[in-house]
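K.L.:
Pasting a predicted model and its sequence here:
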Amino acid sequence: MNGLPSPSNDDAVECPLCMEPFEVDDLTFFPCTCGYQICRFCWHRIRTDENKLCPACRKEYPENPADFKPLSQEEMIAFKSQKRQRDQQRKQKITENRKHLANVRVVQKNLVFVVGLPPRLADADILKKHEYFGKYGKIHKVVINPSTTYAGVQGPSASAYVTYLNNADALRAIQSVNNIMIDGRLIKTSLGTTKYCSHFMKNQTCPKSDCMYLHELGDPEASFTKEEMHQGKHQEYEKRLHDALIASSGLTLNAPTVASGSAHSGAIKSNASLAISSRHGPVYLFRQLMSRIQLQQGLGN
């Protein structure tokens, strides 16, 4: 029963009762003649607070351990060396298994990525206001992206990340804000993506308390390789989220009723097919529907 546990056998260095790693002196501690090994803490607890019986063979524990020989100095050094080697191998294995994550991006359901902001709106406090993104729900954080300033025909524009506390609020913000014009600039919104923290991929503790990257495995359905993103897979995923939100709201669009003989009935019927599953929200769809009807009515006069 004596001897050091194999470095490849993780179960051999944990107490089967409390699941805590064995202390060095527990490695050669066998309190029962049946050879069932537990740590000294559990042995003491069973003898003093419980039924004094071995969990394996149900014999009563003797006053003194059946087999206990403290490790020699050489054995302690060997055990610690094995433990360091085992820990290093485990870390290397985790790092190897996470290497592919460098090529993966995860869609964040509560994160809105905004591009096309005019300079006057490139301020976190302004974007949090109710006149802007604050009207759609509680905002956790707004980060202006300083590395993406675009100089278009209308002058420079900025981008931002708006993090909501609620996933549905982020989707509603996208549905309402996407493709609107502000100061002559077209605002585009979508769900933001995040990559994995380099420290997480190396199985290390991240030193940054405000790190915006991922430190745990993301939802597989929301995870996409760079190649899949080039194919638009992440956009298809986002569209499904918008469709699900609109469907869960129970909202439908009903076209205005017009007599069958009306000159405009055909136009209305064709516009009534405007899909509710569009990226835009129901309010936007209704406005678009009415605008098209009015336009075609004007053309018909």
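P.N.:
Good, I have the coordinates.
K.L.:
pLDDT below threshold where in the stretch 151-300 of the chain?
P.N.:
151-154, 250-300 (pLDDT under 70).
K.L.:
now do the stretch 1-150 of the chain
P.N.:
1-12, 67, 69-71, 146-150.
K.L.:
same thing but at 90, please
P.N.:
1-14, 20-30, 33, 35, 40, 62-100, 145-150 (pLDDT under 90).
K.L.:
which stretches of it form strands?
P.N.:
Along the stretch 1-150 of the chain, the segments classed as strands by DSSP state E, counting those that start in this stretch run 29-30, 67-68, 104-117, 139-152.
K.L.:
Given the first one, what are its sheet partners and their directions?
P.N.:
Take DSSP bridges as the rule and strand 29-30 pairs in its sheet with strand 67-68 (antiparallel).
K.L.:
what's the offset of stretch 14-30 from the middle of its chain?
P.N.:
How far stretch 14-30 lies from its chain's middle: 36 Å, per Cα atoms, centre = their mean, to the nearest Å.
K.L.:
Quick check: buried residues in it?
P.N.:
Residues of stretch 14-30 classed as buried: 14-15, 22, 26-30 (neighbour count, 16 or more other Cβ atoms under 10 Å). Where C-beta positions appear, they are placed from N, C-alpha and C, glycine not excepted.
K.L.:
Check stretch 48-55 too.
P.N.:
Neighbour-count burial for stretch 48-55 [16+ other Cβ under 10 Å]: C54.
K.L.:
Residues touching it, excluding its own?
P.N.:
The contact list for stretch 48-55, computed with Cβ atoms under 8 Å, 6 or more residues apart in numbering, reads 16-17, 31-32, 34, 36, 38, 46, 59-61.
K.L.:
how far is that stretch from where the chain is centred?
P.N.:
45 Å.
K.L.:
What's the end-to-end length of that stretch?
P.N.:
Distance across stretch 48-55, first residue to last, is 15 Å (Cα to Cα, to the nearest Å).
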